[in-house]
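Visitor: sequence? don't have it. structure:
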């Protein structure tokens, strides 16, 4: 399993490199890779020729992409997105489905997801039977072990056994996790994780999320439900959060927080039917055009982002923070002044502050993270059965 | 090393239990314990007779306490404390030394520590040569790897290579770490760690500190300088912290934060010469006697403690939080209403909130943690040399 994960994480890897990276004997590496090749999980390929050009090109190993397919699904309050990937995590096909913005009951949510998957499969020509697992990323508090959603801004009910309900609807294995954990898993497997063993991911969309990788493993908190950065309190008795509490970081930074001030800045009734996304787009254009009220909304959000990031640095001391999510299109949020403010808010120990990278991926990246989780589950099942 | 650590952590352990706990073969356990016995690190003792009383009593292993001595030192701005322990971590002797409350230069600090250690050794009749290592717990930002203090409220200078200076002064190996990490290490080795693989320690004294144990290991942050809970920001542009920034949790909760409001409540000049500790004692008695101004200071501090703890739960999701430090004598800080407020501030996922335990140990517990760090270093050195 470790050998397989290493090859998938690396894209391709030579046996000598596997031996070195995992600290196992050449004999163990050869035996493990032979089993994985026989089981149809890995295959040999010619590696890049060496610069010297001497001798025959060395042989490397890579994942057999056709061994299984998985589906990753990402939910937001405006649309559902799904991707189909092969066993190597390569994107094959995607589908989207707009959805009404109200909080949904479990039945409505499950029907939405099933319809989306049906279209994705129809578009790609892959049958449901060929799908190893479906991974689902849900904003909110999700217990990955049990597949239960304790609370989500998208669901009208609490403590929903979403995995069980979806498995019974689809007849395929389902994995459910917090959506930011899934995006972090996508970074670990296919992005920043290839270069970094420790990093944090902070996302800003309809909410504020966080994922953390420690020693190349996803850390979900001691009991599996930590990293709720969006619901850490940054002001006693502060702004109202959609979780029902006051002073959460999210209540100063997320879409809905900006949208409720946007109504004031744009002089529109707050019960406007425009979506938060469209409202923020208008607000952003106004700010760019020099509107003071609009600009101050983004500026304050930027200061709270700086505060949240400073707290992440103070507690987790990462070398790298990845900022992600659709809202990263608004450059106010990662302007030089935001990063400078973050640095000011960190109790300096003389070192450089952590590197901050902006990955403004779309919903597909999130869905790809969900696919990564489904891949992990499928791999474990296939390898255990092999 | 793992076998030795397991025996020390357990107090005493049978070979079968070691085999089970570490997942090693009985043969490996027998070989490792034989080496440790031959090296003078472990010894056999008769274990408690079995309840059934049949057969001869089973044999267990325990640490040879006389194998080495270590010293642990804890610094505060009012006194220095030191303990001498044996190789099993048992407290043998202690010494204290009052010190003026101003920030000190490195030379003054080192002279203070050397004088304290001299008295401790004189009192105990142990020679400096018999001391395996000295562990030093310092409040502030400490790089344990290099033994450098980047910032401490006790030092007038920044980036002090305290370990190197002390080693040259004492002629013995020195380990330096953040003091709350050391207290957490004491819990891991001699306290809560015997029952819990994951827990958080939050301390309130001259500052607010945090330590975290994940899978029975101390987590210091990805780069070794995280867990600075006291300097996470809980209000943008908030109260002034002694680190020079605004809105740190510590600035609402630590001794100095309460003391500066105490001057107002007690109607005394704020440049009063009374120590913060004495001022807080007076304030506490007034609050107990029904003084509204005094009571509201503790009540607000309690609410900020609740907020800080809620943030710890939201991010790290521990099963157990240990509250420690001298200030835990003030029951306002852990009154039922504080714990109830903590629970209200956590986005509920339907589970019970984490257990909160109060360990109102004195400075000796902190020093004992410093001794634990010195023990770890001494053990590693002796075992490597053996």
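Guide: Here it is on my side, so go on. None of these values were measured; they are calculated from a predicted model. Residues are numbered from 1 along each chain as shown, chains lettered A, B, ... in the order given.

Visitor: for the residue in the stretch 251-386 of chain A positioned nearest to chain B, give me its contacts.
Guide: Evaluated by Cβ to the nearest Cβ, the stretch 251-386 of chain A has residue A:317 as its residue closest to chain B, separated by 3.1 Å. Any C-beta I mention is one placed from the backbone N, CA and C, and that applies to glycine too. In this structure, residue A:317 makes contact with A:354, B:220, B:221, B:222, B:223, B:224, B:225, B:226, B:227, judged by Cβ atoms under 8 Å, 6 or more residues apart in numbering or on different chains.

Visitor: secondary structure class for the fifth one?
Guide: Reduced to three states with DSSP: H, G, I helix; E, B strand; the rest coil, the structure at residue B:223 is coil.

Visitor: for chain A, see how far away it is.
Guide: Distance of residue B:223 to chain A, given as Cβ to the nearest Cβ, to the nearest Å: 5 Å.

Visitor: if I look at that residue, how far off is residue A:204?
Guide: Noted for residue B:223: a distance of 24 Å to residue A:204, by Cβ to Cβ, to the nearest Å.

Visitor: give me the more crowded residue out of these two.
Guide: Neighbours were counted for residue B:223 and for residue A:204 using other Cβ atoms under 10 Å in any protein chain shown; residue A:204 has more, 25 against 17.

Visitor: quick one, what contacts that one?
Guide: Each residue near residue A:204 by Cβ under 8 Å, 6+ apart is listed here: A:253, A:254, A:305, A:323, A:325, A:327, A:328, A:333.

Visitor: for the helix or strand where the fourth one lies, packing partners?
Guide: Assigning secondary structure by DSSP states H and E places residue A:323 in strand A:320-324. Judged by 3 or more Cβ pairs under 8 Å, 6 or more residues apart in numbering or on different chains; DSSP states H and E, the packing partners of strand A:320-324 are strand A:199-204, helix A:292-316, strand A:355-359.

Visitor: got a list of contacts for the helix or strand following it?
Guide: Going down the chain from strand A:320-324, the next helix or strand is helix A:336-345, by DSSP H and E. Helix A:336-345 is touched from outside by A:302-303, A:305-307, A:309-310, A:313, A:332, A:353, A:356, B:233, B:245, with contacts defined as Cβ under 8 Å, 6+ apart.

Visitor: coming back round to it: just the buried ones from the contacts of residue A:317, in ChimeraX syntax?
Guide: Here is the ChimeraX command that picks out the buried ones among the contacts of residue A:317, judged by 16 or more other Cβ atoms under 10 Å in any protein chain shown:
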select /A:354 /B:220,221,222,223,224,225,226,227
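
Visitor: hmm, back to that, which two of the contacts of helix A:336-345 have the greatest separation?
Guide: A:332 and B:245 (23.1 Å; Cβ to Cβ).

Visitor: which intervals of the stretch 151-300 of chain A have sub-threshold pLDDT?
Guide: Across the stretch 151-300 of chain A, the ranges flagged by pLDDT under 70 are A:268-274.

Visitor: all helices for it, in order.
Guide: With helices called from DSSP state H, counting those that start in this stretch, the stretch 151-300 of chain A shows them at A:162-170, A:179-190, A:255-265, A:276-288, A:292-316.

Visitor: of the ones you listed, which stretch is the most buried?
Guide: helix A:179-190 (a mean of 28; mean count of other Cβ atoms under 10 Å in any protein chain shown).

Visitor: chain center to that helix, what's the gap?
Guide: 4 Å (Cα atoms, centre = their mean, to the nearest Å).

Visitor: residues in contact with residue A:245?
Guide: Neighbours of residue A:245 in contact, by Cβ under 8 Å, 6+ apart: A:231, A:233, B:344, B:345, B:347.

Visitor: could you pick out the buried ones from these?
Guide: A:231, A:233, B:345, B:347.

Visitor: nearest residue to the second one other than its sequence neighbours?
Guide: Excluding the flanking residues, the one nearest residue A:233 by Cβ to Cβ, 6 or more residues apart in numbering or on different chains is residue A:247, at 4.4 Å.

Visitor: quick one: contacts for the one you found?
Guide: When contacts are counted by Cβ under 8 Å, 6+ apart, residue A:247 touches A:233, A:234, A:235, A:236, A:237, A:238, A:239, A:241, B:307.

Visitor: mind giving me the domain ranges of chain A?
Guide: A:2-63, A:67-184+A:364-385, A:194-360 (automatic domain parsing).

Visitor: okay, and the beta partners of residue A:174?
Guide: residue A:134 (DSSP bridges).

Visitor: that one reaches residue A:134, doesn't it?
Guide: Yes - using Cβ atoms under 8 Å, residue A:174 makes contact with residue A:134 at a distance of 4.9 Å.

Visitor: so for stretch A:4-13, what gets flagged as buried?
Guide: Result for stretch A:4-13 [16+ other Cβ under 10 Å]: buried residues A:4, A:6, A:7, A:8, A:9, A:10, A:12, A:13.

Visitor: what about the fourth one, which SS state?
Guide: Secondary structure, three-state DSSP: residue A:8 is helix.

Visitor: pLDDT score assigned to the closest residue to it other than its chain neighbours?
Guide: Leaving aside its chain neighbours, residue A:8 sits nearest to residue A:63 (5.2 Å; criterion: Cβ to Cβ, 6+ apart). The score at residue A:63 is 90. That number is its pLDDT.

Visitor: neighbouring contacts of stretch A:163-177?
Guide: With Cβ under 8 Å, 6+ apart, stretch A:163-177 has contacts from A:106, A:110, A:113-114, A:117, A:128, A:131-138, A:142, A:144, A:146-149, A:162, A:185, A:370, A:373-374, A:376-378, A:381.

Visitor: run the last query once more with 7 Å
Guide: A:106, A:110, A:113-114, A:117, A:128, A:131, A:133-138, A:142, A:144, A:147, A:149, A:162, A:373-374, A:377 (Cβ atoms under 7 Å, 6 or more residues apart in numbering or on different chains).

Visitor: what do you get for stretch A:210-227?
Guide: A:141, A:143-145, A:180-181, A:183-185, A:188, A:193, A:197-202, A:229, A:316, B:198, B:214, B:222, B:315-319, B:349.

Visitor: next: stretch A:72-79.
Guide: Identification of contacts with stretch A:72-79 by Cβ under 7 Å, 6+ apart yields A:80-83, A:85, A:96-99, A:101, A:113, A:116, A:134-138, A:153-154, A:179, A:205-206, A:275, A:277, A:363, A:366-371, A:374.
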